[in-house]
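Enquirer: Below are the sequence and a predicted model; questions follow.
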Amino acid sequence: MNPMQRLVLWALGLLERYRYIKFGIVGASGTVVNLAVLHLGHEYIFNHLEEAYNKPYFSLALAIALATLNNFTWNRLWTWSDRVKTLEAEEAQPVSLRLLGVEFGQYVTASAFGSGLQYVLTLLLSGSMDYRLANVIAILAASVSNFLANDRWTFKRHKD
């Protein structure tokens, strides 16, 4: 095995052991979704509504909602997939709509504090900097609370 292959295997092993790194990668994908929707919404979709305020009120709400859906999907499929499989085994069925609905409701509830923090910080900071940069700073500030809430509640460990 050459050094590059060893490095790739080491990095993949690191990802597998450290859930927060996975959460960060998923969060980065959510940040891309968030920023794209925020920009499209503020510059094109809601530009007539938001130009009077000079703040992305509606665009930001839509961006947070779609990024939350993106992050829930990837966190369920990858970050906490081991815990989801354990829960599905306890339920004795692969994926029930009831279980998916409960998990999504818990995810949204657990992320509500972070989403609220992101919304408020983005609006506050956008008065003194570009709204996109303000949004990235707000996302970073909210990420720790989102991880902890979802790790401890939405995708909690289940007793063997």
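Expert: Nice, thanks for sending it over.

Enquirer: where are the low-confidence patches of the chain?
Expert: 15-16, 87-88, 91-94, 158-160 (pLDDT under 70).

Enquirer: Just give me the residue closest to the centre of it.
Expert: By CA atoms, centre = their mean, the chain has its centre lying nearest to Asn71, at 3.7 Å.

Enquirer: could you point out the longest helix in this protein?
Expert: In the chain, with assignment by DSSP state H, the single longest helix is helix 97-125.

Enquirer: quick one on the thing from earlier: and the residue nearest to the centre of the chain, how far from Ile25?
Expert: The gap separating Asn71 from Ile25 is 11 Å, by CB to CB, to the nearest Å. C-beta coordinates here come from the backbone N, C-alpha and C atoms, glycine included.

Enquirer: Give me the distance from the longest helix of the chain to the chain's centre.
Expert: Centroid separation for helix 97-125 versus its chain: 9 Å, with CA atoms, centre = their mean, to the nearest Å.

Enquirer: tell me which residues in that helix are buried?
Expert: Neighbour counts over helix 97-125 (16 or more other CB atoms under 10 Å) mark 99, 103-104, 106-107, 110-111, 114-115, 117-119, 121-123, 125 as buried.

Enquirer: Can you list the buried residues in stretch 21-29?
Expert: Applying a neighbour-count criterion of 16+ other CB under 10 Å, one finds Lys22, Phe23, Val26, Gly27 buried in stretch 21-29.

Enquirer: Looking at those residues, which are in helices?
Expert: Taking DSSP H as the definition of helices, the buried residues of stretch 21-29 contribute Lys22, Phe23, Val26, Gly27.

Enquirer: thought the first one was touching Thr79?
Expert: Yes - the criterion here is CB atoms under 8 Å, and Lys22 meets it with Thr79 at 4.3 Å.

Enquirer: still on that earlier bit, nearest to Leu66 among the buried residues of helix 97-125?
Expert: Distance to Leu66, by CB to CB, is smallest for Ser115 among these, at 11.8 Å.

Enquirer: show me what contacts that closest one?
Expert: Contact analysis of Ser115 by CB atoms under 8 Å, 6 or more residues apart in numbering lists Ile64, Thr68, Ala142.

Enquirer: before we move on, the earlier item: for the residue nearest to the centre of the chain, give me its contacts.
Expert: Contacts of Asn71 (CB under 8 Å, 6+ apart): Val26, Gly27, Ser29, Gly30, Ser111.
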